[in-house]
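> Next comes the sequence, and after it the predicted model I'd like to discuss.
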2 protein chains.
Amino acid sequence: MSSIKPSYVRHLDLKGGRIEMTHGAGGLASAQLIEEIFARHFTNDWLDEGHDGAVLPPMKRPIAVSCDAHVISPLFFPGGDIGRLAVCGTVNDVAMCGAKPLYIAASFILEEGFALSDLNKIVESMAKSAKESHVAIVTGDTKVVEKGHSDGIYISTTGIGEKITDFPISGKNARPGDVILISGSMGDHGTAILSKRENMSFLTEIESDTAPLNDLIEKVLSAVPDIHVLRDPTRGGLAATLNEIAHQSGVGIFLNEESIPVKPSVAAACEFLGLDPLFVANEGKVIVICNPNDAQKVLRIMKVHPHGRDAAIIGEVTQENAGFVEMKTLLGGRRSVDWLNGEQLPRIC
Amino acid sequence: MSSIKPSYVRHLDLKGGRIEMTHGAGGLASAQLIEEIFARHFTNDWLDEGHDGAVLPPMKRPIAVSCDAHVISPLFFPGGDIGRLAVCGTVNDVAMCGAKPLYIAASFILEEGFALSDLNKIVESMAKSAKESHVAIVTGDTKVVEKGHSDGIYISTTGIGEKITDFPISGKNARPGDVILISGSMGDHGTAILSKRENMSFLTEIESDTAPLNDLIEKVLSAVPDIHVLRDPTRGGLAATLNEIAHQSGVGIFLNEESIPVKPSVAAACEFLGLDPLFVANEGKVIVICNPNDAQKVLRIMKVHPHGRDAAIIGEVTQENAGFVEMKTLLGGRRSVDWLNGEQLPRIC
């Protein structure tokens, strides 16, 4: 992102202005957009260099990298916005590798006619979330497409971090006997998005849980370095993520429905919408799978953290039933928690 | 990208199939799309791990990172496609930091109804370009938006590499007396795109120059580590890039029009379209600014490289006229090469 502001340029109209095709053409208008919105909020030594890329210090430990495209609709929702989601989502994906997120690269696809005031709000929110997560947005790119070829704004983010422990942390690493923990209530994010989309104002307003989990994970890993699996149950929810782990590790997973935290308001909204909270996306929760001996310690650490107050032990890893997830239901029966087959919630992240 | 293929799934129809909303919902359809298109072409140890992120080896030298969103239209054009462009563009941006590109993270925004055959072609082209550039596509993400909210496919790529030299290479680093070189002819990419878009088949088909420049740059840097500026003249062309450098370094730039290589077919097309080739994007060219003593050596190295055959010395850096670019024209006059002010070519990368 370059830093060009010849004195003859009039400032952007951040109240009534809109994105024009010239803002993506690489000329003066692009430079001004970068200068007056992106560089202003994201300022740091790397970005201020004004090169097309950033040069970062060496990293002596293994490096974790993760990327995400964010196409959520609506852009602003109870508990967050696409900017906060983009930063937290990527921070979390890097943290799930057992790493400390340090840097983010962000690219923007803007639709012609998009309000500069909304862009400014979103970029400001990204800057705030980056500060909260202690990561720097070090490089970026902006493109503009014609009206009708986007939906306001899409944001792609790539996070880079340094591994904390030497233990392998992977979806392939769940072992029979391991305990499964979750850091809080299930289904908040997806339910908040859908409630907003469907204008369900008659329900209590449900807030997305969008939050950076790197601090919580760092605390867990400092106390218990030998964590087997870390995974955030985003798209497809707890069910899809646990099925993936069961498949990758070649193990069975057995859940206890009673112990899975779901907020009453979320449960009510899901019932109304015909959704199962276990299949609904979360954006501020982590699944931790570890040795049974470590489980209580992990639980205690999570419970004292602001993002882990409702943490719970929800099940265990089994040798039998490999590749599948089963659950003891509230009524005492057993049911299979299957893959999400059809479309559930498009564009929730 | 996870690797899930339960045996009951029918294979994707790569001939007649189309992208559906479920392909982005995080369930079984998403997993299948990843497995049968992305993972199949991009396969490498990091990606095959099936985690949401990749864990890479430590990097003991400074790390270069650059990202780009690609929204080019049309998706397939003479000399390339959006996939080749996404890989080469990011490889080049990392190389421009004076670094050796090693890894790419790629995220995809797909439009409902997009032909799977086109997606497959694009992903295959990315894999081929990655191989050609000796980089691995180590992690990714896929989202789907409803018909009418994208334009088939947008690709965001982030490249990561290791610095080659210890000399600072930056747009701030051009010094009076320095010599300016370019690796080949100007305007090929943008002119190819516009000719295709305008159906100008009566002209000779002009090909985009889309190509990875990392090998050429590595060879230049091994011979002459003290290069001052490396920059690829993409959006806004040679003119915008040199104006940026003049501004960032606080120097003047003086060009000799006669020495700037432009293919006759590109010059003719530009005249017809009312464009100036100096303002038209390139995707396989690099501007090198170095000490006058090193210029002939750099020129020789570029000229023996397949991507630098038409390399030329095109001008010099001056103390006077700081912040501006001036050119001695073919007719012997002098003219200012100004910033690109209006919209020239939207969606050329």
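That came through, no problem. These numbers come from a predicted model, not from an experiment. Residues are numbered from 1 along each chain as shown, chains lettered A, B, ... in the order given.

> Can I get the host helix or strand of A:Thr241 in CSV, CA atoms only?
Secondary structure from DSSP states H and E places A:Thr241 in helix A:237-249. What follows is helix A:237-249, C-alpha atoms only, in CSV (Å, rounded to 0.1, in the frame of the first residue of the first chain):
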residue,chain,number,x,y,z
GLY,A,237,-20.5,-26.1,13.2
LEU,A,238,-19.4,-28.6,15.9
ALA,A,239,-20.9,-31.5,14.0
ALA,A,240,-18.9,-31.0,10.7
THR,A,241,-15.7,-30.2,12.5
LEU,A,242,-15.9,-33.3,14.8
ASN,A,243,-16.8,-35.5,11.8
GLU,A,244,-13.7,-34.2,10.0
ILE,A,245,-11.5,-35.0,13.0
ALA,A,246,-13.0,-38.4,13.4
HIS,A,247,-12.3,-39.1,9.8
GLN,A,248,-8.8,-37.6,9.8
SER,A,249,-7.7,-39.4,13.0
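
> so how far is the very next helix or strand once past it from its chain's centroid?
With elements assigned by DSSP H and E, the helix or strand that comes after helix A:237-249 is strand A:252-256. Its chain's average C-alpha position is 25 Å from that of strand A:252-256, according to CA atoms, centre = their mean, to the nearest Å.

> right, is the helix holding A:Thr241 up against chain B?
Yes: using CB under 8 Å from any CB of the partner chain, helix A:237-249 reaches chain B at A:240, A:244, A:247-248. Backbone N, C-alpha and C define where each C-beta goes, glycine included.

> Identify the residues contacting the nearest residue to A:Asp13 once chain neighbours are set aside.
Distances taken as CB to CB, 6 or more residues apart in numbering or on different chains place A:Leu116 nearest to A:Asp13, at 6.7 Å, with adjacent residues excluded. Contacts for A:Leu116 (CB atoms under 8 Å, 6 or more residues apart in numbering or on different chains) come out as A:12-15, A:17-19, A:37.

> so which pair among the residues you listed is furthest apart in space?
The two members of the contacts of A:Leu116 with the most space between them (CB to CB) are A:Lys15 and A:Ile19, at 14.2 Å.

> between those two, who's got more neighbours?
Neighbour count, other CB atoms under 10 Å in any protein chain shown: between A:Lys15 and A:Ile19, A:Ile19 has more, with 26 against 9.

> which of the contacts of A:Leu116 has the most neighbours?
Neighbour counts for the contacts of A:Leu116 (other CB under 10 Å) peak at A:Ile19, which has 26 neighbours.

> Now for that one: which residues touch it?
Listed by CB under 8 Å, 6+ apart, the contact partners of A:Ile19 are A:110-116, A:119, A:144.

> please redo it, this time with the cut-off set to 10 Å
Residues in contact with A:Ile19 (CB atoms under 10 Å, 6 or more residues apart in numbering or on different chains) are A:29, A:33, A:108, A:110-116, A:118-119, A:142, A:144-145, A:147, A:150, A:152-153.

> do the same with A:Ser133
By CB under 10 Å, 6+ apart, A:Ser133 lies in contact with A:87-88, A:90-92, A:94-95, A:101-102, A:104, A:159, A:211-215.

> residues touching the spatially closest residue to it that is not a sequence neighbour, list them.
Nearest residue to A:Ser133, sequence neighbours excluded (CB to CB, 6+ apart): A:Pro212, at 3.9 Å. The contact partners of A:Pro212, taken as CB under 10 Å, 6+ apart, are A:84, A:87-92, A:95, A:101, A:129-130, A:132-135, A:283-284, A:307.

> Go again with 6 Å.
Residues in contact with A:Pro212 (CB atoms under 6 Å, 6 or more residues apart in numbering or on different chains) are A:88, A:91, A:133.

> Find the nearest non-adjacent residue to A:Ser170, please.
Among residues not flanking A:Ser170 along the chain, B:His51 sits closest, at 5.9 Å (CB to CB, 6+ apart).

> can I assume the one you found sits in a helix?
No: counting by DSSP: H, G, I helix; E, B strand; the rest coil, B:His51 falls outside a helix, being coil.

> Can you tell me which of the contacts of A:Pro212 end up in helices?
Among these, the members found in helices (DSSP state H) are A:88, A:91, A:133.

> and the first one, how many neighbours does it have?
Read that as A:Cys88. Residues lying near A:Cys88 (other CB under 10 Å) number 27.

> Contact residues of the stretch 51-200 of chain A facing chain B?
Within the stretch 51-200 of chain A, the positions near chain B by CB under 6 Å from any CB of the partner chain are A:51-56, A:58-69, A:71, A:93-94, A:96-97, A:105, A:107, A:109, A:139, A:141, A:143, A:145, A:149, A:151, A:154, A:156, A:158, A:170-171.

> Give the buried subset of those residues as a PyMOL selection command.
Typed into PyMOL, the line below selects the buried ones among these, using 16 or more other CB atoms under 10 Å in any protein chain shown:
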select buried, chain A and resi 51+52+53+54+55+56+59+61+62+63+64+65+66+67+68+69+71+93+94+96+97+105+107+109+139+141+143+145+149+151+154+156+158+170+171
